[in-house]
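Undergrad: below: sequence and its predicted model.
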Amino acid sequence: MKTEIWLIRHGETDWNAQQRLQGWADIPLNEIGKAQALAVRRYVQTQQLQVDHVLSSDLCRAAETAQIAFDLPTTAITRYSSLRERNYGVYEGELWQKLIEVDGRNQPTLNLRQPNQDIPNGESLTVFNERILRAFNDLAARYQGKRLAVVAHGGVIDIVWRQLHQADLLSQRPNPILNASVNQFTIESDSLWQVIKWAQHDHLTDALDELKI
């Protein structure tokens, strides 16, 4: 029996805007992030999306996005620590360009995209990958046959994309993962994940335009 998941990235935070690694640091949405969450609400309404449960990471930027997007009280959001962003340990708060290899730029002395790179007080990419796959397989088993909205993080969505496309941890994704973008997929078993729609973000244009008025 398939579990359908609408996976949404949280709205923008100040650390997103500054391109800092957030990880487990509990950074709230900024004004753009709140506007993006409202844009997701309009998207949900336009799609006439009915879900059985709304879940989120237990970090406030994800939970707040879920509350705004689905117009629900705090108590109606089920939060899972297993859906947290990757734990960057001692590197949280650092500018990500210093630590993650980017094509065409000066290469860092430390590359957090290396799967087994040790992260003091944090998670290697391999460990993070295992945590996220286990989390979604557990959710699919727990909510078998249900339609879920899950609000989480860019790193979480990256791992899901790799599982859906059978891409290894070193492969380059073709597109960025935008704040408040929406993705849809199903899980039928540990080995049967299928994408339906990916990287939907047209709803965000109006949100940014409104902030410029």
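TA: Received it, and whenever you're ready, just let me know what you need.
Undergrad: against Phe128, how distant is Pro200?
TA: If you look again at residue 200, you'll see it is Gln, not Pro. Note on Gln200: its distance to Phe128, by Cβ to Cβ, to the nearest Å, is 24 Å. For the C-beta atoms, the positions are set from N, CA and C on the backbone; glycine is no exception.
Undergrad: now do Pro28
TA: 23 Å.
Undergrad: circling back: among Gln200 and Phe128, which residue is more densely surrounded?
TA: Set Gln200 next to Phe128 and count neighbours by other Cβ atoms under 10 Å: Phe128 wins out with 24 against 17.
Undergrad: return the set of buried residues in the host helix or strand of the more buried one.
TA: Here Phe128, judged by DSSP states H and E, is contained in helix 125-142. The neighbour-count check on helix 125-142 (16 or more other Cβ atoms under 10 Å) flags 125, 128-129, 131-133, 135-137, 139-140 as buried.
Undergrad: nearest to Gln172 among the residues you listed?
TA: For these, the minimum distance to Gln172 (Cβ to Cβ) is 14.1 Å, reached by Leu125.
Undergrad: for the closest one, which residues are in contact?
TA: Leu125 makes contact with 86, 112-117, 169, according to Cβ atoms under 8 Å, 6 or more residues apart in numbering.
Undergrad: tell me what Thr13 is bridged to.
TA: Counting by DSSP bridges, Thr13 forms beta bridges with Leu29.
Undergrad: got the contact list for it?
TA: By Cβ under 8 Å, 6+ apart, the contact set of Thr13 is 22, 27-30, 33, 61.
Undergrad: buried ones from those, can you make that a PyMOL selection?
TA: Selecting only the buried entries of the contacts of Thr13 in PyMOL, with 16+ other Cβ under 10 Å as the criterion:
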select buried, resi 22+27+29+30+33+61
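Undergrad: quick one: the strands in the chain, in order.
TA: In the chain, the strands defined using DSSP state E lie at 3-9, 53-57, 78-80, 147-152, 182-189, 192-200.
Undergrad: before we move on, the earlier item: in JSON lines: the buried residues of helix 125-142, plus distance to Glu94.
TA: Below are the buried residues of helix 125-142 laid out as JSON lines (distance: Cβ to Cβ, whole Å):
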{"residue": "Leu125", "distance to Glu94": "16"}
{"residue": "Phe128", "distance to Glu94": "17"}
{"residue": "Asn129", "distance to Glu94": "21"}
{"residue": "Arg131", "distance to Glu94": "21"}
{"residue": "Ile132", "distance to Glu94": "22"}
{"residue": "Leu133", "distance to Glu94": "26"}
{"residue": "Ala135", "distance to Glu94": "25"}
{"residue": "Phe136", "distance to Glu94": "28"}
{"residue": "Asn137", "distance to Glu94": "31"}
{"residue": "Leu139", "distance to Glu94": "31"}
{"residue": "Ala140", "distance to Glu94": "34"}
